[in-house]
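Chemist: Starting from these lines, generate the structure:
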Amino acid sequence: MKSLEFKLLVMPFSSRLYRMAFRLMNNREEAEDIVQEVYVKLWEMRNELNNYNSIEALSIRITRNLCLDHLRRRKINQNALKAEKLKEEGYSVTPAENLEKKEEAEIIHTLIAALPEPQRSLVHLRHLEEKEYEEIAEMVNMNVNAIRVSISRARKQMREMLEKQYSSWKA
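Modeler: A predicted model of the protein is given here:
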């Protein structure tokens, strides 16, 4: 298909495609870009256009799909920007939430301090310094399974201490 034949076949839909793109995108420049992309796609498939019953319907479908793709990308970009902005600003917490977190941290540190020495260091390394079991094993020269068991027992002991403290507050 030659360019003149292509223009005669496809160009009559340009205003309809533009109106549709503008209605979906609500932006003149983006609508123009999308119509241009539609023409590029149609030009790339110019040799197959004779196989379609309605080139106008094909053009409209391509326009719609491109608009939806752009809208999805726009939404993804906006979400990414929001997430980045939140990360930069830091999650804003109320003073009450801040106080609650500090109190929880104090309770946890108190519970950890009450543990016997080998468990205290293992829990500290695992949960406060966020080390992997293998790293801890190398640091303290212990078996990974022994570390897991010790930390599990320490957690159980901390839970029991917390329950005991909570039940004394209730009474």
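
Chemist: Centroid-nearest residue for this protein?
Modeler: When the chain is reduced to its mean C-alpha position, the nearest residue by Cα atoms, centre = their mean turns out to be A80, at 7.5 Å.

Chemist: Tell me the spacing between that one and L71.
Modeler: To L71, A80 is 15 Å away according to Cβ to Cβ, to the nearest Å. All C-beta atoms are positioned from the backbone trio N, CA, C, and that covers glycine.

Chemist: Likewise for I136?
Modeler: Between I136 and L71 the computed distance is 49 Å (Cβ to Cβ).

Chemist: When the two are compared, which one has more neighbours?
Modeler: Neighbour count, other Cβ atoms under 10 Å: between I136 and L71, I136 has more, with 21 against 14.

Chemist: Show the contacting residues for that one.
Modeler: Contact analysis of I136 by Cβ atoms under 8 Å, 6 or more residues apart in numbering lists L122, L125, R126, M142, I147.

Chemist: In strands only, show me those residues.
Modeler: When these are checked against strands using DSSP state E, none is located there.

Chemist: I'd like to know how far A31 sits from T110.
Modeler: Distance, A31 to T110, using Cβ to Cβ: 63 Å.

Chemist: Check A83 too.
Modeler: The spacing between A83 and T110, counted by Cβ to Cβ, is 35 Å.

Chemist: So these two - more neighbours on which side?
Modeler: Legend: neighbour count by other Cβ under 10 Å for A83 and T110, higher for T110 (13 against 10).

Chemist: Quickly note the distance from that one to M161.
Modeler: Taken as Cβ to Cβ, the spacing of T110 relative to M161 amounts to 9 Å.
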